[in-house]
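Engineer: Give me coordinates for this.
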Amino acid sequence: MVNHSSNRKLLEDSDPVVAFDGRQSAIAAEIQRGVCRALRALGHSVVTELSLANGRRADVVGLSPGGDIWIVEIKSCLLDFQTDCKWTEYRPHCDRLYFAVAPDFPCHVIPEEAGLILADRYGAHLVREPMEERLGAARRKAMMLCFARAAALRLQLHLDPGCGFEI
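Structural biologist: Here you go, the predicted structure:
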C-alpha cells in the first residue's frame, strides 16, 4: 500500500505544479482571488504560484487569448513590498508585469514601469498599464509550455488526487 500523504508532502515541497504551498497570507489569498477573477473576465487563462526557469515563483500568470503572458506580483502590505526586491527577476518571463495590492495600499511606492492592479476578494481594477517588453520566441515557447504543463497536471491531480503519487 502506498502512503499518499507522505508522497503528497514530498510533491508539495518540490513540485512546481502544486498551486498552494501554505506560505500565503489571508490578505494575499484574497488579492489573488480578485486578480484571477479580473483576468478571467478579460479572457485570460490563469495559473497561480507558477515556478519560473530562474527558480522564482510567480504569484499569478495570465495567458491572454492572443498569447500574451502577464505576471502579477501580489503585495499584501507595504512591508511585504519593501522587503521583497526580487520582482525584477520576473520581468524576463512576461510581456507585462503588474503589482496587485489592496485598495488601501500606498500605491505611490509601486515602480512606474510596472502595472498596478487594486484588488480585493471579489475582483480587481487595472489602474495603470505597465511598460510592455515583448518576450522573444524561445522564452515565450518555454513559458507557454511551463504554463500548459502546470495547468494540465493540476487538473489531473484535481480529477484523480492519487494520480502521480505512486513511487
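Engineer: what does stretch 70-87 rub up against?
Structural biologist: Outside stretch 70-87, the residues that touch it by CB atoms under 8 Å, 6 or more residues apart in numbering are 25, 27-28, 31-32, 35, 39, 44, 56, 58-64, 90, 93-102, 105-106, 109-110, 114, 117. Heads up, the C-betas are built off the backbone N, CA and C, glycines and all.
Engineer: if you average pLDDT over that stretch, what comes out?
Structural biologist: Mean pLDDT, computed over stretch 70-87, is 94.
Engineer: Would you mind listing the buried residues in that stretch?
Structural biologist: Neighbour counts using 16 or more other CB atoms under 10 Å place 70, 71, 72, 73, 74, 75, 76, 77, 80, 81, 87 of stretch 70-87 among the buried residues.
Engineer: on that earlier part again, buried subset of the contacts of stretch 70-87, written for PyMOL?
Structural biologist: Applying 16+ other CB under 10 Å to these, the buried members can be selected in PyMOL as follows:
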select buried, resi 27+28+31+32+35+39+44+58+59+60+61+62+63+90+93+94+95+96+97+98+99+100+101+102+105+110+114+117
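Engineer: so the most centrally placed residue in the chain, which of the three states?
Structural biologist: Using CA atoms, centre = their mean, the residue of the chain that lies closest to the mean C-alpha position is residue 60, 1.8 Å off. Under DSSP: H, G, I helix; E, B strand; the rest coil, the three-state class of residue 60 is strand.
Engineer: From residue 24, how far out is it?
Structural biologist: Counting by CB to CB, to the nearest Å, the gap from residue 60 to residue 24 is 11 Å.
Engineer: Identify the contacts common to those two.
Structural biologist: Common neighbours of residue 60 and residue 24 (CB under 8 Å, 6+ apart) are residue 32.
Engineer: which one of the buried residues of stretch 70-87 sits closest to residue 134?
Structural biologist: Proximity of the buried residues of stretch 70-87 to residue 134, judged by CB to CB, is greatest for residue 70, which lies at 12.4 Å.
Engineer: Doesn't the closest one belong to a helix?
Structural biologist: No: read with three-state DSSP, residue 70 is strand and lies in no helix.
Engineer: what's the longest helix anywhere in the chain packed up against?
Structural biologist: What stands out as the longest helix in the chain, according to DSSP state H, is helix 137-159. On a contact count with 3 or more CB pairs under 8 Å, 6 or more residues apart in numbering; DSSP states H and E, helix 137-159 meets strand 45-51, strand 57-63, strand 69-74.
Engineer: okay, the ones you listed in a markdown table with distance to residue 151 next?
Structural biologist: Listed next are these as a markdown table, based on distance: least, CB to CB, whole Å:
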| stretch | distance to residue 151 |
| --- | --- |
| strand 45-51 | 5 |
| strand 57-63 | 9 |
| strand 69-74 | 13 |
